[in-house]
Structure formats: structure tokens, C-alpha cells
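Undergrad: sequence plus the predicted model coming up.
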Amino acid sequence: MISGLYSAATGMDAAATRHETSAENLAHAHQPGFRRRVLHQTTFGTVLEAQRNGQATVMERPERAADGLQTRKIAIDFTHGPLKASGRSLDVAIESDGFFVVDGPDGPMYTRNGSFQAHPDGQLVTIDGLTVSGGNAPIRIPPNTSAEAISISRDGRLSANGVEFGQLQFVEVSNPEQLIATGASLFKAGPNADVQEAEGSVLQGFAESANVAQMDELVNILVASRQYEMSQKALKTIDDAVGRRINGN
């Protein structure tokens, strides 16, 4: 295969993936607890410079390093998002590191989206309808208790009318890159994830926003569009040159 064609094709593929990644980030910019997706690109020049400086680099296809642009697996940026006052008594934001634990269909799942709801059966659930874990059992709101009557302390204890009825469960993950996204703000532990019980610190009446800077994502989309156009133009130029050579023009 002509190396120039491969270089142009990898450029178009990387640009399309970058466009999709930023579009997904923008789509969830107002989703509490959403963590932005990040696409890293690598070129031969970058790898060469890193190796000259004694730094390790990871490429999915090192045998094609000199042929074009390569992308790594899409990563998740676990940087905290800003906390915003919502006034809802069942909105809870984590001040520290860590995650809330919820009961998923196949085991525990983790989230920083603390916009909880009161299910008609009395359980405290996420906006996805998953039960919020209280450690040994789901958290059940006492009958005839309004959401406004519920107080949540800094350590996650829930009470109403002076009676405690549950405590939010927290975990910390020392290697969050081992978490697997299963939704906009839900994660499950990968096989090598180090998940440990932790003591969380929360604020009632606050929600953690997505860690998405909308203007940055718009710029990324524009850059990706230009990158795609330039790669496409290069591909057509090479194709035209090859055609002229074959036809003897």
C-alpha cells in the first residue's frame, strides 16, 4: 500500500474519532457527574522525540509508526467537576475523591452523580433507577416522609425528623483508569481496579457538574473538521497522481 494513502486515511480516521468524542462530551455537558472522554493522538515524530528523551510511549500498531497518525484508546478524565447549588434535598455532591456505590444488575457500580430520587416503593435510587447502596442493604426512606424532610450529614448519614435511616456508601479507586464506563456517569470495576471502602464527605443540596468545558470542545470539533478536510484533500491528491502515472499522463 502506498504509505501516503495510509497516512491520509489514518488522519481522516483520527479526525472522525476526535469529532465524535467531543460531540459526546458536549451532549453530556449538563449531565451531573459526567466525566469527559479524551482521545490521545500519536505521531511518529512524537514517538521519536519521546524515545530520545528516554520516555516510554504506547502505540496500538508500532509497526506502522512511521506511516501516519495513530490514536490510543479513548480515556476518561476523572478530574472533579464544579459543585453547584441546586436546592434539592436529594442532591448530594462529593467534596472529596471517591464514588457513590449503587446496585447494578451485575454487581456494584460507581458514580459521582448524586442527584438521587425517591422511588415509589421507598428506596433511594439514581436517575437511572438503580438502588443507592447503604452498605449492607438499600436505603429505604421511611413511609410518609417528604424529600424536603430528609437531612444528609457531611459523612452521608440520612435522617428524617431526627431519626437516622441509612448511610451512603463510598469507595475510592486508586487507579480509576481501570474503571469501565457503562453509561454517562456510571462505571464498573475492571479486573485490575483497586476499589476500597472509604469515608466520603458530601454536601446536601449541591450537584457536581460535568467536567466539560464547552468552548474547548467546540474548538476541538472545529480542529477535527479541518484535520479531516486536509487529510481528505491529501488522499485525493495522491489518488490523482497515481492515476496520472498509471495512464501515462
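TA: That came through fine.
Undergrad: ok, residues contacting stretch 225-239?
TA: Outside stretch 225-239, the residues within contact range by Cβ atoms under 8 Å, 6 or more residues apart in numbering are 2, 4-5, 7-9, 11-12, 14-16, 18-19. Just so you know, the C-beta spots here come from the backbone N, C-alpha and C atoms, and that holds for glycine as well.
Undergrad: again with stretch 151-171
TA: Here stretch 151-171 makes contact (Cβ under 8 Å, 6+ apart) with 89, 92, 94, 98-101, 110, 124, 132-135, 139-142, 145, 149-150, 195-204.
Undergrad: now name the helix or strand holding the nearest residue to A29 once chain neighbours are set aside.
TA: Using Cβ to Cβ, 6 or more residues apart in numbering and skipping the chain neighbours, the partner closest in space to A29 is V212 (4.4 Å). Under the criterion DSSP states H and E, no helix or strand holds V212.
Undergrad: would you list the phi and psi of V212?
TA: Dihedral angles phi and psi of V212 (degrees, to the nearest 10) take the values phi -110, psi 130.
Undergrad: swap in A181?
TA: Backbone torsions of A181, given as degrees, to the nearest 10, read phi -70, psi 130.
Undergrad: what's the distance between it and F187?
TA: 6 Å (Cβ to Cβ, to the nearest Å).
Undergrad: one step back: run a quick neighbour tally on the residue nearest to A29.
TA: Residues lying near V212 (other Cβ atoms under 10 Å) number 23.
Undergrad: enumerate every residue touching it.
TA: V212 sits next to 25-26, 28-29, 34, 36, 81 when contact means Cβ under 8 Å, 6+ apart.
Undergrad: recalculate using a threshold of 10 Å.
TA: Applying Cβ atoms under 10 Å, 6 or more residues apart in numbering, we find V212 in contact with 22, 24-31, 34-37, 77, 81.
Undergrad: residues in contact with Q214?
TA: Applying Cβ under 10 Å, 6+ apart, the residues near Q214 are 22, 25-26, 29-30.
Undergrad: check the nearest residue to R88 once chain neighbours are set aside and give its pLDDT.
TA: Nearest in space to R88, with sequence neighbours left out and distances taken as Cβ to Cβ, 6+ apart, is G205 at 6.5 Å. Per-residue pLDDT puts G205 at 96.
Undergrad: same question, F99
TA: F99 is assigned a pLDDT of 96 by the prediction.
Undergrad: and it, how far is that from P105?
TA: The gap separating F99 from P105 is 18 Å, by Cβ to Cβ.
Undergrad: higher neighbour count, those two?
TA: With neighbours defined as other Cβ under 10 Å, F99 and P105 compare such that F99 has more, 28 against 7.
Undergrad: ok, now which ones touch the closest residue to that one other than its chain neighbours?
TA: Closest residue in space to F99, ignoring its immediate chain neighbours: Y110 at 3.7 Å, by Cβ to Cβ, 6+ apart. Contacts for Y110 (Cβ under 10 Å, 6+ apart) come out as 98-102, 104, 133, 170-173, 176, 179, 182, 185-189, 193, 195.
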